[in-house]
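S.K.: Generate coordinates for the sequence data below:
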Amino acid sequence: MFRFNKKFSALILIILGLCSIGANAKTSGLYPIVKYREIPAPLQELFSKNEPELGDVGSCATAFDSLSDDDKMVFTCSLFIKILAEGERRAIKRCEEMKQPKGIKAACHIISK
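M.R.: Here you go, the predicted structure:
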């Protein structure tokens, strides 16, 4: 019969703890994050409309140089993605592509609720 020793049991508990932390995280931590309440009102409205479709791993990204000028804001989401990091990567890539024509200098961020 196989018996767990104390070191093995502790290792398993640490691994399970780290997995639960990762499962509860809303972002992968690979990209800069901006809190929902810190983005301009028009972007908050867009995020609220898209949030139901995000599921557990969809992501939205934004960049803005103005809090009121819509021409200085970009917003994009990756929906129906199976892997969190992939959704974030796609959202950030599209955000970077969208901000260049508008001349937005701010970095793209993943929006976190």
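S.K.: What's the first helix or strand after the worst-scoring helix or strand of the chain on mean pLDDT?
M.R.: Ranking every helix and strand in the chain by mean pLDDT, DSSP states H and E puts helix 6-24 at the bottom, with a mean of 43. Counting by DSSP states H and E, the next helix or strand C-terminal to helix 6-24 is strand 33-35.
S.K.: Parallel or antiparallel, which strands does that following strand pair with?
M.R.: Paired with strand 33-35 in the same sheet, following DSSP bridges, are strand 109-112 (parallel).
S.K.: List the contacts of the strand it pairs with.
M.R.: Residues outside strand 109-112 that contact it (Cβ atoms under 8 Å, 6 or more residues apart in numbering) are 26-27, 31-36, 39, 43, 47, 59-63, 88, 91-92. Every C-beta, even on glycine, is put in place using the N, C-alpha and C of the backbone.
S.K.: cool, and stretch 43-51?
M.R.: For stretch 43-51, contacts defined as Cβ under 8 Å, 6+ apart pick out Tyr36, Arg37, Ile39, Cys60, Thr62, Phe64, Met73, Phe75, Cys77, Leu79, Ile111, Lys113.
S.K.: Now, of these, which are buried?
M.R.: Buried members of these, scored by 16 or more other Cβ atoms under 10 Å, are Ile39, Cys60, Thr62, Phe64, Met73, Phe75, Cys77, Leu79, Ile111.
S.K.: ok, now which ones touch the first one?
M.R.: When contacts are counted by Cβ under 8 Å, 6+ apart, Ile39 is found next to Phe47, Thr62, Phe64, Ile111.
S.K.: for stretch 78-85, what is the average pLDDT?
M.R.: In this model, stretch 78-85 has a mean pLDDT of 87.
S.K.: State the number of residues packed around Gly29.
M.R.: Residues lying near Gly29 (other Cβ atoms under 10 Å) number 12.
S.K.: Check Glu45 too.
M.R.: Number of residues near Glu45 (other Cβ under 10 Å) recorded here: 12.
S.K.: Distance of it relative to Glu96?
M.R.: 23 Å (Cβ to Cβ, to the nearest Å).
S.K.: can you check Glu51 too?
M.R.: Note on Glu51: its distance to Glu96, by Cβ to Cβ, is 22 Å.
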